[in-house]
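# Quick one, fold the following:
(2 chains)
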Amino acid sequence: KAGVTQTPRYLIKTRGQQVTLSCSPISGHRSVSWYQQTPGQGLQFLFEYFSETQRNKGNFPGRFSGRQFSNSRSEMNVSTLELGDSALYLCASSLTNHNSPLHFGNGTRLTVT
Amino acid sequence: SQQGEEDPQALSIQEGENATMNCSYKTSINNLQWYRQNSGRGLVHLILIRSNEREKHSGRLRVTLDTSKKSSSLLITASRAADTASYFCAYSGSARQLTFGSGTQLTVLP
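Model (predicted):
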């Protein structure tokens, strides 16, 4: 089985711009979660989608949004980028939910200048 | 912060030695998982232990869970240079999300 695929691998954006990140889960996995990883805050949960519905959301401002398509592929969007949004954004898929092992992609490294 | 705490933050050992990492958490949990992350890459799932289990083994990995102390430990036996990575505990509970610890950076010297 192919693993979780995230695109693009690297992104450089300017403050105020918006960005869309993409994630293709493992075939058959219906749950997709997104995490932000920074040296200061560690791994922070953004949101989880299951069957196109947002099932859970972390403590991030409304500038962070996501969606899931009928084929389970997911996108996350960050609007009005701030310097502090620079991070590694990780997507993970699982068969059911947070009680199952998560399978992570290699992430998108976002740099905001 | 709701994050779990891990100690030590960094650990450096010689190849062949054992490495022990500890994780503490604050809430009741359904299960606790351990993940490994090589620099700049995604996390890889290592092992999952349920709240009603006390110990679990997988190859050179041994995980213990003490729910009364809200703590877990990961032991890697006979470590190899390829084990060099960051190790994270993660737990799920009533928050219906996986909460990650702060991580331990393990360096295994050849």
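# ok, residue 79 - how many residues close by?
No chain specified, so I'll use chain A. Number of residues near A:Ser79 (other CB atoms under 10 Å in any protein chain shown) recorded here: 14. C-beta coordinates here come from the backbone N, C-alpha and C atoms, glycine included.
# try chain B instead
Counted with other CB under 10 Å, B:Ser79 comes out at 21.
# how much space between it and chain A?
Using CB to the nearest CB, to the nearest Å, we find B:Ser79 at a distance of 23 Å from chain A.
# From what I see, that residue and B:Thr20 are in contact.
No - the pair B:Ser79 and B:Thr20 fails to qualify as a contact (CB atoms under 8 Å) at a distance of 10.5 Å.
# how far away is the closest residue to chain B within chain A from B:His57?
Going by CB to the nearest CB, chain B is nearest to A:Phe104 of chain A, at 3.5 Å. Distance of A:Phe104 to B:His57, given as CB to CB, to the nearest Å: 23 Å.
# do B:Gly40 as well
30 Å.
# quick one: the strands in the chain?
You didn't pick a chain, so chain A it is. A:5-7, A:10-13, A:19-24, A:31-38, A:42-50, A:53-57, A:64-68, A:74-78, A:87-94, A:103-104, A:108-112 (DSSP state E).
# nope, chain B please
With strands called from DSSP E, chain B shows them at B:5-7, B:10-14, B:19-24, B:29-37, B:43-50, B:55-58, B:61-66, B:71-76, B:85-93, B:98-100, B:104-109.
# Quickly check: the fourth one near chain A or not.
The one in question is strand B:29-37. Yes - Strand B:29-37 lies within reach of chain A by CB under 8 Å from any CB of the partner chain, at B:30-31, B:33, B:35.
# Which residues of chain B lie near chain A?
B:3, B:30-31, B:33, B:35, B:40-45, B:48, B:88, B:90, B:92, B:96-103.
# Pretty sure B:Lys70 sits against B:Asn22.
No - applying CB under 8 Å, one finds B:Lys70 not in contact with B:Asn22, separated by 11.4 Å.
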